[in-house]
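Q: okay, structure incoming, though there's no sequence with it:
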């Protein structure tokens, strides 16, 4: 049994957790798995971060080149995030014949295929379990456990911050701005919350999961993104009365018209398994044509939960290495490029909330706009006191299935209608039953 | 890329699903993973079963020896269940240098360690993802994804039949016998339901998951078993009023006093994630010291869901084989044997339902029995019309934490008390918050 050495670059929340987990559990890994895992090098901006994790000074460096060039390092663990110098770190590590383990969803969401190709050329692996769903085993589940299936749908609560905000808005009837401010004060949300609340973080994860689950090329830029800034307590309350909750979902579906990938606030039935995932927890719903509906639930962030995923990847590589074997190189590239279905062609039901100035005249005018764009209305609910001043109110429209491009055109025209103060929200009501279209009959 | 050949023994519900899945998805496996998976031999009692799956007659045999002795077979897939001839099949396959994939929880629950040792001696693997949780990836999750953790708790709804029965009893207020009869008529329950409703099936799975998750020796016989036959609609209704649901859980906990493994109807809070798993679905809750709380949800049975797990194991072996590499031998044996905590020493809260003849005299007598056995009562609820005839009624007692052996002694004495018609149920109220004792603070 030889020692398997990792070199960690980045000792922040996740990197520090990885170092602490490896050092605190070393003897268990030896006893239970025969794996002697060591930290040969650790790179951070200041030595104090390393000392705080229990890393000896002689293993510490401020220069990542020292890590990737250290001949004793088998696996480079990149936990600094961002595109640079992460990209350069991977290239140098691969060239030196070292595997890379990372949680870098922003980089992989854009360039996973090119980076995986470089790993493959050098006979090593690029592993990224921690990039999606924090501690939830989902990347490896798609890469290995579910490969017997044609994966039909991946739909996940992939961002803990937004799920925390929406959950509190639902339980407390509070408004978005108030909950966000409190979440920021408590450190659950960043000072600049954009990456979370505007859906970029979830879009990166959706791209990675779709790429792996469908075996095709999906990048973050392919994923339609709509965040939660416009969601009001009123929307959540009305949704609840209608039997729905509102979740920010990353949705990837394999359809006859191509791969459908999008991140947006989504109305799903209250009794759906995903509707029951509250607070900062994450969950990924996966439908395979053989296995049917599955869900994977856990902490989507945090030091030790994310470290659990990183160390899982490290141990998967360390197992053969410690036994004198060599991990297989990164798998062959995706065999095919499925077409992407343009968002305009999405067909779904919608929830539309308008603030209208004149509750008497509004209906005729607005209903005509929907009709003009071939959108069939299933329910209209003109709310009392929907707006601050008395002569204005909120009107809720639920539609039958309509085309996204028609709804966007209607929304634009409604915004200009004389009786409409503003189009407060256009939300999609997801047909969760359709997620299982194509499941094999037992 | 060379063809990887499986030999399937047993073409029933699961075996037939495996054959159909492999044959229908062959081209996808080649295209997506570069794995050319073939069925070289298939063994069943009659050729019609094989033809129905699309297996050519020349691959069919009624003698399992033909499968394990076929030099072209790389992986033997045993799906006949039971201890014999399954044990002989494994031994012959291992001796012939063939890996074995199985769903045989009854056999593995009793002998996983000895069988794994035989596989290891012969340099091959024994894989059993499908033995627990049907299509849910949970064995591989414990064997690989969560190895960075010390696993603290595994608690699962591991039997779909009993969860289906309890869910219908809860939603319809129906009685056990009626739902069971209907489930049997629909084919959801066996004519002899004992293995399901008495907890043996769940106990086998709990033993397998505890053995893998804790890295220690746990066999089915080590698992305390209590089934659901005694659960009445009345118990579920009262539990619901108290904020609980009743689930048949397989629970494995790593405690300071040893490994606590048991299967019994369990009262858990209505808002717990496991409480929301209804119908025939299964779910396994796993708490690791780093990852914290996770849950894995899916179909626990059925032809294609179970086949998904079997084919996942096959593909994990086929990946290196098809690339000319050799899968590592079965992992080294568990490094340590944790002590088992005797069931008598379980400390938990209890729900006790007595049918008493004399509602006036009953309380004093029964309360004294609890007191004598050092059991502190937290709530007493004497129900109206709790029993068929008017002068008898049901009395519900909730207790504070008490020792199992004291409760059993009290129950035995209560059964003899003059005012007690019968001790209808003694159910455990699980402290689900304690499942996370020992999780590392982020």
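A: Yep, that arrived. All of these numbers come straight from a predicted model, not from anything done at the bench.
Q: and the gap between residue A:192 and chain B?
A: As judged by Cβ to the nearest Cβ, to the nearest Å, residue A:192 and chain B stand 22 Å apart. Every residue, glycine included, has its C-beta placed from N, CA and C.
Q: roughly how far apart are that residue and residue A:109?
A: Plainly put, residue A:192 is 19 Å away from residue A:109 if you go by Cβ to Cβ, to the nearest Å.
Q: more crowded one of these two?
A: Neighbour tally, residue A:192 and residue A:109, criterion other Cβ atoms under 10 Å in any protein chain shown: the higher count belongs to residue A:109, 26 against 9.
Q: where along the stretch 251-400 of chain A do the helices fall?
A: Using DSSP state H, counting those that start in this stretch, the helices of the stretch 251-400 of chain A run over A:303-322, A:362-372.
Q: if we go by neighbour counts, what in the shortest one is buried?
A: Going back to what we said before, that points to helix A:362-372. Judged by neighbour count (16 or more other Cβ atoms under 10 Å in any protein chain shown), helix A:362-372 contains these buried residues: A:362-363, A:366, A:369-370.
Q: residue A:27: how many residues sit nearby?
A: Per other Cβ under 10 Å, the neighbour tally for residue A:27 reads 9.
Q: what ranges do the strands span in the stretch 301-442 of chain A?
A: With strands called from DSSP state E, counting those that start in this stretch, the stretch 301-442 of chain A shows them at A:347-356, A:377-382, A:393-399, A:402-403, A:420-429.
Q: residue A:170: neighbour count?
A: By other Cβ under 10 Å, 19 other residues sit near residue A:170.
Q: what residues are up against the residue in the stretch 301-442 of chain A positioned nearest to chain B?
A: Of all residues in the stretch 301-442 of chain A, residue A:311 sits closest to chain B, at 3.1 Å by Cβ to the nearest Cβ. The contact partners of residue A:311, taken as Cβ atoms under 8 Å, 6 or more residues apart in numbering or on different chains, are A:18, A:21-22, A:25, B:147-148, B:290.
Q: then residue A:47?
A: Residue A:47 touches A:57, A:60, counting by Cβ under 8 Å, 6+ apart.
Q: what pLDDT does the model give it?
A: pLDDT for residue A:47: 93.
Q: next, give phi and psi for it.
A: phi -60, psi -30 (degrees, to the nearest 10).
Q: so it versus residue A:69, what's the distance?
A: Taking Cβ to Cβ, one finds residue A:47 at 20 Å from residue A:69.
Q: in the stretch 101-250 of chain A, which residue sits closest to chain B?
A: Nearest residue of the stretch 101-250 of chain A to chain B: residue A:148, at 3.1 Å (Cβ to the nearest Cβ).
Q: count of neighbours near residue A:58?
A: Using other Cβ under 10 Å, residue A:58 has 7 neighbouring residues.
Q: am I right that it is in a helix?
A: Yes: applying DSSP: H, G, I helix; E, B strand; the rest coil, one finds residue A:58 inside a helix.
Q: spell out which parts of the stretch 1-150 of chain A neighbour chain B.
A: Taking Cβ under 8 Å from any Cβ of the partner chain as the measure of proximity, the stretch 1-150 of chain A contacts chain B at A:17, A:21, A:25, A:28-29, A:31-34, A:129, A:135-137, A:140-141, A:144-150.
Q: of those, buried ones?
A: If we count by 16+ other Cβ under 10 Å, the residues of the stretch 1-150 of chain A next to chain B have these buried: A:17, A:21, A:25, A:28-29, A:32-33, A:129, A:135-137, A:140-141, A:144-150.
Q: what about the residues you listed, which are in helices?
A: A:17, A:21, A:25, A:28-29, A:32-33, A:140 (DSSP state H).
Q: closest to chain B among those?
A: residue A:32 (4.4 Å).
Q: and the residue lying closest to that closest one once chain neighbours are set aside, backbone torsions?
A: Nearest residue to residue A:32, sequence neighbours excluded (Cβ to Cβ, 6 or more residues apart in numbering or on different chains): residue B:215, at 4.4 Å. Dihedral pair for residue B:215: phi 60, psi 40, per degrees, to the nearest 10.
Q: double-check residue B:215 against residue B:336; I have them as touching.
A: Yes: Residue B:215 is within contact range of residue B:336, at 7.0 Å (criterion: Cβ atoms under 8 Å).
Q: who has more neighbours, these two?
A: Set residue B:215 next to residue B:336 and count neighbours by other Cβ under 10 Å: residue B:215 wins out with 22 against 11.
Q: circling back to that earlier point, can I get the helices of the stretch 251-400 of chain A in JSON lines including mean pLDDT and distance to residue B:419?
A: JSON lines is the format used below for these (pLDDT from 0 to 100; distance: least, Cβ to Cβ, whole Å):
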{"stretch": "helix A:303-322", "mean pLDDT": "98", "distance to residue B:419": "53"}
{"stretch": "helix A:362-372", "mean pLDDT": "93", "distance to residue B:419": "68"}
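Q: which stretch among those comes nearest residue A:379?
A: Shortest distance between residue A:379 and these, using Cβ to Cβ, is found for helix A:362-372: 12.1 Å.
Q: same for the closest one, what does it pack against?
A: With contacts taken as 3 or more Cβ pairs under 8 Å, 6 or more residues apart in numbering or on different chains; DSSP states H and E, helix A:362-372 sits against strand A:347-356, strand A:377-382, strand A:393-399, helix A:404-416, strand A:420-429.
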